[in-house]
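# What shape does this take:
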Amino acid sequence: MRMINEFEAQVLSDLSVLKSQMAGLMGDGNGGRLVELERRMDRHEQNWQRAKGFMAAISVVFAVIEVAVQAWHRH
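Below you'll find the model as predicted:
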């Protein structure tokens, strides 16, 4: 068996660190930080869609109120 030199030892060490960082990022089968980030983005997108729907509904209510007030002032 041959001995590894200093460069090979450093490469193997760096590879080990990279492997552990990738495991933390991607997860170990149960999800990692990327999966959690995707969940947070999905929740944010749902909340944004709800807010837009709420604002659309409010704008319709205000439009109806404005039409009613204008009709009341004409008579």
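# From now on I want contacts and neighbour counts done on CA atoms only, so please keep to that.
OK.
# Does Gln46 lie in a helix or a strand, and which?
Per DSSP states H and E, Gln46 falls inside helix 33-74.
# So which elements touch that helix?
With contacts taken as 3 or more Cα pairs under 8 Å, 6 or more residues apart in numbering; DSSP states H and E, helix 33-74 sits against helix 6-26.
# what's the angle between the helix it packs on and helix 33-74?
With axes from the mean of the first three to the mean of the last three Cα atoms, to 10 degrees applied, the angle from helix 6-26 to helix 33-74 works out at 40 degrees.
# Which positions in helix 6-26 come out as buried?
Residues of helix 6-26 classed as buried: Met26 (neighbour count, 16 or more other Cα atoms under 10 Å).
# quick one: average pLDDT of that helix?
For helix 6-26, the mean per-residue pLDDT is 87.
# pull the CA atoms of it into PDB?
These are the backbone C-alpha positions of helix 6-26, laid out as PDB (Å, rounded to 0.1, in the frame of the first residue of the first chain):
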ATOM      1  CA  GLU A   6       0.400  16.000   1.600                       C
ATOM      2  CA  PHE A   7      -1.600  17.200  -1.500                       C
ATOM      3  CA  GLU A   8      -3.700  14.100  -1.700                       C
ATOM      4  CA  ALA A   9      -4.400  14.300   2.100                       C
ATOM      5  CA  GLN A  10      -5.500  17.900   1.700                       C
ATOM      6  CA  VAL A  11      -7.800  17.000  -1.300                       C
ATOM      7  CA  LEU A  12      -9.300  14.100   0.700                       C
ATOM      8  CA  SER A  13      -9.800  16.400   3.700                       C
ATOM      9  CA  ASP A  14     -11.500  19.100   1.600                       C
ATOM     10  CA  LEU A  15     -13.700  16.500  -0.100                       C
ATOM     11  CA  SER A  16     -14.800  15.200   3.300                       C
ATOM     12  CA  VAL A  17     -15.700  18.800   4.300                       C
ATOM     13  CA  LEU A  18     -17.600  19.300   1.000                       C
ATOM     14  CA  LYS A  19     -19.400  16.100   1.500                       C
ATOM     15  CA  SER A  20     -20.600  17.000   4.900                       C
ATOM     16  CA  GLN A  21     -21.700  20.500   3.800                       C
ATOM     17  CA  MET A  22     -23.600  19.000   0.900                       C
ATOM     18  CA  ALA A  23     -25.300  16.600   3.200                       C
ATOM     19  CA  GLY A  24     -26.400  19.600   5.400                       C
ATOM     20  CA  LEU A  25     -27.600  21.500   2.400                       C
ATOM     21  CA  MET A  26     -29.400  18.700   0.600                       C
END
